[in-house]
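S.K.: any chance you could fold what I've pasted below:
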Amino acid sequence: MPNFLPGVPAEAVLAALSRCPGNEVASGKFDSPDSSAALAVNAFGWFLDRPALLPPLPGVPMGQPRTVEIEAEMHFPWRGGRHPWLDAAVTTATTLVGIESKRYEPFRPAKASTFSEAFDSRDWGPGMARFTALRQALAAGRQTYRCLDAVQLVKHAYGLRTQATKRARGAVLVYLHAAPATWASGKPVSPEAIARHQAEIADFARAVKGDDVTFAPVRWAELLRQWSRTPDLKAHAEALRVRFGVL
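M.R.: Down below sits the predicted model:
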């Protein structure tokens with residue numbers, strides 16, 4: 001059984017992990033010292049039974065959380081096929097916030113990722129025109145990103161918008177990312193890769209600004225600073241720093 005941080009409800013977290021693909025726990029990936037899933041689950045799993053203690057994320061238009069989920073599936077408007085899973089989802093009175101967490105992934109060799117024909121067969125409407133234009137550019141090879149998994153983010157945006165519309169809420173996609181100076185092994189992370197990742201985040205944000213799904217990049221370090229200044233969360237933030245190091 002994984003060693004969760006103090007206050008994280010282990011049974012509820014394990015139940016959530018068992019529902020999602022990836023087999024993180026049984027495969028042992030969850031216990032890896034550089035696991036991104038372990039970081040997100042320990043950070044947001046703490047709020048599963050205390051959502052009111054989660055402050056609005058830094059710079060994110062969302063309001064006060066009512067519910068917090070981890071490993072949240074966001075169904076596309078069709079049956080069958082694969083649907084996006086977000087590391088966490090937060091629901092407020094006005095907004096559905098999907099959180100995609102990255103730690104070391106942007107600095108590893110990129111994996112091939114494509115869009116199925118189903119995306120072309122759907123009219124996503126004028127409110128998603130910028131995401132659609134970016135999707136088409138990515139599919140045609142006119143736009144490429146080396147560190148940012150833009151294909152995944154576009155898919156997340158479509159799924160998030162579908163579910164937010166069903167719940168009569170606005171939608172925000174939070175890209176919660178790290179810029180670690182070293183890998184868990186102590187080997188340095190390329191500063192050039194970190195800089196490129198930041199530039200690609202900014203480029204993606206410009207490309208989709210104004211659509212129905214608000215794209216909100218947030219640094220892990222920024223989030224932990226916020227939590228450290230919140231009395232109820234100070235100990236949790238420190239436990240995350242001790243376990244996962246500088247983010």
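S.K.: so how far is Ser18 from the nearest residue to Thr92 once chain neighbours are set aside?
M.R.: Distances taken as C-beta to C-beta, 6 or more residues apart in numbering put Gly63 closest to Thr92, at 3.9 Å, once the chain neighbours are dropped. Using the backbone N, CA and C atoms, a C-beta is placed for each residue, glycine as well. For Gly63, the distance to Ser18 under the criterion C-beta to C-beta, to the nearest Å works out to 30 Å.
S.K.: between the two, which one's more packed in?
M.R.: Each of Gly63 and Ser18 had its neighbours counted (other C-beta atoms under 10 Å), and the higher figure belongs to Gly63 (16 against 12).
S.K.: surely that one and Thr95 touch.
M.R.: Yes: applying C-beta atoms under 8 Å, one finds Gly63 in contact with Thr95, separated by 6.0 Å.
S.K.: give me the neighbour count for Glu73.
M.R.: Glu73, neighbours per other C-beta under 10 Å, totals 16.
S.K.: distance-wise, check it relative to Cys20.
M.R.: 7 Å.
S.K.: what's next to stretch 63-73, contact-wise?
M.R.: Taking contacts as C-beta atoms under 8 Å, 6 or more residues apart in numbering, the residues outside stretch 63-73 that touch it are 13, 16-17, 19-20, 40-41, 44-45, 47-48, 51-52, 54, 56, 83-95, 98.
S.K.: go on, stretch 199-208?
M.R.: Residues from elsewhere that reach stretch 199-208 (C-beta under 8 Å, 6+ apart): 130-131, 133-134, 143, 145-148, 150, 153, 157, 175, 177, 215, 217.
S.K.: same thing with stretch 46-59?
M.R.: With contact meaning C-beta under 8 Å, 6+ apart, stretch 46-59 is reached by 5, 7-9, 12-13, 44, 62-70, 90, 97, 99, 174, 176, 216, 218, 222-223, 226-227, 230, 232-233, 236.
S.K.: just the buried members of those?
M.R.: 5, 8-9, 13, 44, 62-63, 65, 68-70, 90, 97, 99, 174, 176, 216, 218, 223, 226-227, 233, 236 (16 or more other C-beta atoms under 10 Å).
S.K.: what's the end-to-end length of stretch 207-219?
M.R.: Start to finish, the residues bounding stretch 207-219 are 20 Å apart (C-alpha to C-alpha, to the nearest Å).
S.K.: would you mind listing the buried residues in it?
M.R.: Buried residues in stretch 207-219, defined by neighbour count with 16+ other C-beta under 10 Å: 207-208, 211-219.
S.K.: from these, which two are the most distant?
M.R.: Taking C-beta to C-beta, the two most distant members of the buried residues of stretch 207-219 are Asp212 and Arg219; they sit 24.6 Å apart.
S.K.: tell me, how many neighbours does Glu11 end up with?
M.R.: Neighbours of Glu11 under the rule other C-beta under 10 Å: 7.
S.K.: remind me which helix or strand it belongs to.
M.R.: Counting by DSSP states H and E, the secondary-structure element that holds Glu11 is helix 10-19.
S.K.: which secondary structure elements does that helix contact?
M.R.: helix 36-45, strand 65-73 (3 or more C-beta pairs under 8 Å, 6 or more residues apart in numbering; DSSP states H and E).
S.K.: a strand runs through Ala168, doesn't it?
M.R.: No: according to DSSP: H, G, I helix; E, B strand; the rest coil, the state of Ala168 is coil, so it is not within a strand.
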